[in-house]
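Asks: make a model of this:
(2 chains)
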There are 2 protein chains.
Amino acid sequence: MSASQMKIGILGLGLIGGSLALDFRTQGHQVLGVSKRESTCKKAIALSCVDEASVDISLLTAAEVIFVCTPLGLIVPQVQQLITHLSPHTVLTDVGSVKTPIVEGIAPLWSNFIGGHPMAGTADSGIEAAQQHLFAGKPYVLTPLPSTPKNAVSVVETLVNSLGASIYHCRPQHHDQAVSWISHLPVMVSASLIAACMGESDPEVLQLAQQLASSGFRDTSRVGGGNPELGMMMAYYNREQLLRSLHQYRHNLDAFINLIEQQDWTSLEEKLSSTQQARPFFNC
Amino acid sequence: MSASQMKIGILGLGLIGGSLALDFRTQGHQVLGVSKRESTCKKAIALSCVDEASVDISLLTAAEVIFVCTPLGLIVPQVQQLITHLSPHTVLTDVGSVKTPIVEGIAPLWSNFIGGHPMAGTADSGIEAAQQHLFAGKPYVLTPLPSTPKNAVSVVETLVNSLGASIYHCRPQHHDQAVSWISHLPVMVSASLIAACMGESDPEVLQLAQQLASSGFRDTSRVGGGNPELGMMMAYYNREQLLRSLHQYRHNLDAFINLIEQQDWTSLEEKLSSTQQARPFFNC
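Replies: Reported below is the predicted structural model:
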């Protein structure tokens, strides 16, 4: 047992909660897991993700730090219920993919709270999909407020560092603007592509398009064919930033359409050169 | 030497021409290559792509069937020059990614012509990138006209079959409509995404977006960061179909924007469910 061993709570045992649990437990921490479902608790123990698991949230009373890993819409209500069981020095963090509404909802209730967002995932979900080292080499955003106690930040940072993740600090609003560009806007752009193709009125052409589709269509349409509930939730919780990005996107799309309508091939090639040059600055 | 051994000409020794040459030569055909550049001819021989190579188009006089593999804009002018050296029974085909203007340009000049489009490629280009089996398992579209001689179709089909490609027959216009959906529209959709992100006015947010970008942004932006000349050429030669697809796309994008503005979350989730269900029908 190392001096730094902690009691870590995981509320919500899905892909992210389960993968955090696995990494922490492997490092020798004691991990306590809570899920709404008894069957998930049993799986978490069978998969050696946690030391103890329960459907009763009061199991987390013993934890020194708790990662809230429920779906986005349940984070604030679950925290409201959770904190009635905690002593005030317990450190809370969450893994929600939108930060402003979460931080605004929890910070007034719990001073030892720091918002977080691990930018990692797989196509699969659920505790069965949990894997070690899921966060290694991936960005992990933390959104402390000026009022967040230094100790709470430090506890969460030390644990996130131990996952091998790259930590970024920013304001919740900046996080939400950034992810609206690189995560939420692409979902709507990509879904619109699939919807537009499906609207082809000539069935022969639609069938041929489906037969000829290759890597270009596959990649551009991938995130538009993803989990509908997740896509809707992103839009619900990050509506203002997503609409801002969508209107900017539409403006840029119109510029491409206009160049093609005007047959301004020199400007079109220049614009495509500028997007070719810009893309490598995105760290992906 | 098998009974079916042929003299095959390749006009234009880039990735596609070079890869066709490699496969045909491996099968025992005699392959004659023509390039504008002496250095490319030397490379083609050094890489064993061809039996003979020349910058002089008259080398192809001896060929029984010729694949025209130049960039899209050069196909018709090169064929105009080429046919002055050919006997009328020589079969011609091309590999251009847009078919209507090519077929309309060549069919009146040469009856033994059949348009083609192998839907294969790599991120690299040039004879150095040529590889065996590039077309195996990939779609290869042929666009014969009612007036195209059966023998010309049969000669090209037999050779394309020997590459292991899956042959699709359709009218040139149907090909161009289908590829505007699955190949040309995605380029503009994806380039508009990069352009919109680069327009973010807050440099801190832009930098954060670049740092946090992961697989979703990477896939959705990939084809928008591709070869600008190729993107411009697609738009130039398939302008009418691409504009039709772009306007349909914009209409669908507006529908997503409206649902988010109206906060109609049920309809948004339904729309995202329909795109999730539609995507697997695309064969990619």
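Asks: what's the residue nearest to A:Thr220 when sequence neighbours are not counted in contact with, if anything?
Replies: The spatially closest residue to A:Thr220, leaving aside those adjacent along the chain, is B:Pro186, at 4.0 Å (Cβ to Cβ, 6 or more residues apart in numbering or on different chains). Yep, even glycine has a C-beta here, placed from its N, CA and C like the rest. Applying Cβ atoms under 8 Å, 6 or more residues apart in numbering or on different chains to B:Pro186 gives the contacts A:193, A:216-217, A:220-221, B:223.
Asks: if I look at A:Val98, how far off is A:Met188?
Replies: Distance, A:Val98 to A:Met188, by Cβ to Cβ, to the nearest Å: 15 Å.
Asks: what does A:Arg222 give?
Replies: Looking at A:Arg222 against A:Met188, where the rule is Cβ to Cβ, the gap reads 13 Å.
Asks: and if you look at A:Tyr236?
Replies: Counting by Cβ to Cβ, the gap from A:Tyr236 to A:Met188 is 13 Å.
Asks: do the same with A:Gly225
Replies: Taking Cβ to Cβ as the measure, A:Gly225 falls 13 Å from A:Met188.
Asks: just A:Ala213 next, same as before
Replies: Counting by Cβ to Cβ, the gap from A:Ala213 to A:Met188 is 20 Å.
Asks: of those two, which one has the most company?
Replies: When A:Ala213 and A:Met188 are compared on other Cβ atoms under 10 Å in any protein chain shown, the one with more neighbours turns out to be A:Met188, at 28 against 25.
Asks: which strand or helix spans that one?
Replies: In this structure, A:Met188 is located in helix A:185-198 according to DSSP states H and E.
Asks: give me the pLDDT value at A:Met1.
Replies: A:Met1 carries a pLDDT value of 39.
Asks: can you name every helix or strand that the lengthiest helix in chain A contacts?
Replies: Ranked by residue count and defined by DSSP state H, the top helix of chain A is helix A:239-261. In terms of contact count using 3 or more Cβ pairs under 8 Å, 6 or more residues apart in numbering or on different chains; DSSP states H and E, helix A:239-261 is assigned the packing partners helix A:172-179, helix A:185-198, helix A:265-278, helix B:185-198, helix B:239-261.
Asks: what about 7 Å?
Replies: Judged by 3 or more Cβ pairs under 7 Å, 6 or more residues apart in numbering or on different chains; DSSP states H and E, helix A:239-261 is in contact with helix A:185-198, helix A:265-278, helix B:185-198, helix B:239-261.
Asks: now do the last one and helix B:185-198, the angle between them.
Replies: What that stands for is helix B:239-261. For helix B:239-261 and helix B:185-198, the angle between their directions (axes from the mean of the first three to the mean of the last three Cα atoms, to 10 degrees) works out to 50 degrees.
Asks: just the buried residues of helix B:239-261, please?
Replies: Residues of helix B:239-261 classed as buried by neighbour count (16 or more other Cβ atoms under 10 Å in any protein chain shown): B:239, B:241-242, B:244-246, B:248-250, B:252-253, B:256-257, B:259-260.
Asks: now do the closest residue to A:Cys69 other than its chain neighbours, the pLDDT please.
Replies: When the adjacent residues along the chain are set aside, A:Cys69 lies closest to A:Gly17, with 3.2 Å between them (Cβ to Cβ, 6+ apart). What the model reports for A:Gly17 is a pLDDT of 97.
Asks: tell me which residue is most central in chain A.
Replies: Central residue of chain A (Cα atoms, centre = their mean): A:Ser97, 3.7 Å from the mean position.
Asks: pick the one among the buried residues of helix B:239-261 closest to B:Ala278.
Replies: Compare each of these with B:Ala278 using Cβ to Cβ and the shortest gap goes to B:Asn252, at 11.9 Å.
Asks: could you tell me how far the closest one is located from A:Thr220?
Replies: The gap separating B:Asn252 from A:Thr220 is 14 Å, by Cβ to Cβ.
Asks: what's the burial count for A:Asp202?
Replies: Under the neighbour criterion other Cβ under 10 Å, A:Asp202 is assigned a count of 13.
Asks: distance of it from B:His251?
Replies: Plainly put, A:Asp202 is 17 Å away from B:His251 if you go by Cβ to Cβ.
Asks: again with A:Leu163
Replies: Look at A:Leu163 and B:His251: by Cβ to Cβ, they are 44 Å apart.
Asks: so is stretch A:264-279 next to chain B?
Replies: Yes - when contact is scored as Cβ under 7 Å from any Cβ of the partner chain, part of stretch A:264-279 falls within range of chain B: A:265, A:268-269, A:271-273, A:275-276, A:278-279.
Asks: next: stretch A:153-161.
Replies: No - using Cβ under 7 Å from any Cβ, stretch A:153-161 never reaches chain B; the gap is at least 14.7 Å.
Asks: quick check: buried residues in that stretch?
Replies: Counting neighbours by 16+ other Cβ under 10 Å, stretch A:153-161 gives A:153, A:155-157, A:159-160 as buried.
Asks: what does stretch A:49-57 give?
Replies: Residues of stretch A:49-57 classed as buried: A:49-51, A:53, A:57 (neighbour count, 16+ other Cβ under 10 Å).
Asks: cool, and stretch A:126-137?
Replies: Neighbour-count burial for stretch A:126-137, counted by 16+ other Cβ under 10 Å, picks out A:127, A:129-130, A:134-135.
Asks: cool, stretch A:71-86 as well?
Replies: When burial is assessed from 16+ other Cβ under 10 Å, stretch A:71-86 yields the following buried residues: A:72, A:74-76, A:78-79, A:82-83, A:86.
Asks: how much space separates A:Gly96 from chain B?
Replies: Using Cβ to the nearest Cβ, to the nearest Å, we find A:Gly96 at a distance of 15 Å from chain B.
Asks: what parts of the stretch 1-150 of chain A come near chain B?
Replies: Within the stretch 1-150 of chain A, the residues that sit near chain B (Cβ under 7 Å from any Cβ) are A:119, A:139, A:141.
Asks: the closest residue to the first one other than its chain neighbours bridge partners, please.
Replies: Leaving out its chain neighbours, the residue that sits closest to A:Met119 by Cβ to Cβ, 6+ apart is A:Pro139, at 4.4 Å. The partner list for A:Pro139 in beta bridges (DSSP bridges) reads A:Ser166.
Asks: any idea how far A:Pro139 is from A:Val160?
Replies: 11 Å.
Asks: endpoints of stretch A:93-111, how far apart?
Replies: 11 Å (Cα to Cα, to the nearest Å).
Asks: can you pull the buried residues of that stretch?
Replies: When neighbours are counted by 16+ other Cβ under 10 Å, the buried residues of stretch A:93-111 are found to be A:93-103, A:105-107, A:110.
Asks: of all these, which comes closest to B:Leu22?
Replies: Within those, proximity to B:Leu22 (Cβ to Cβ) peaks at A:Ser97, which comes in at 47.1 Å.
Asks: list the contacts of the closest residue in space to the closest one that isn't next to it in sequence.
Replies: Leaving aside its chain neighbours, A:Ser97 sits nearest to A:His117 (5.9 Å; criterion: Cβ to Cβ, 6+ apart). Taking Cβ atoms under 7 Å, 6 or more residues apart in numbering or on different chains as the contact definition, A:His117 lies against A:95-97, A:99, A:141, A:175.
Asks: alright, that wraps it up for me.
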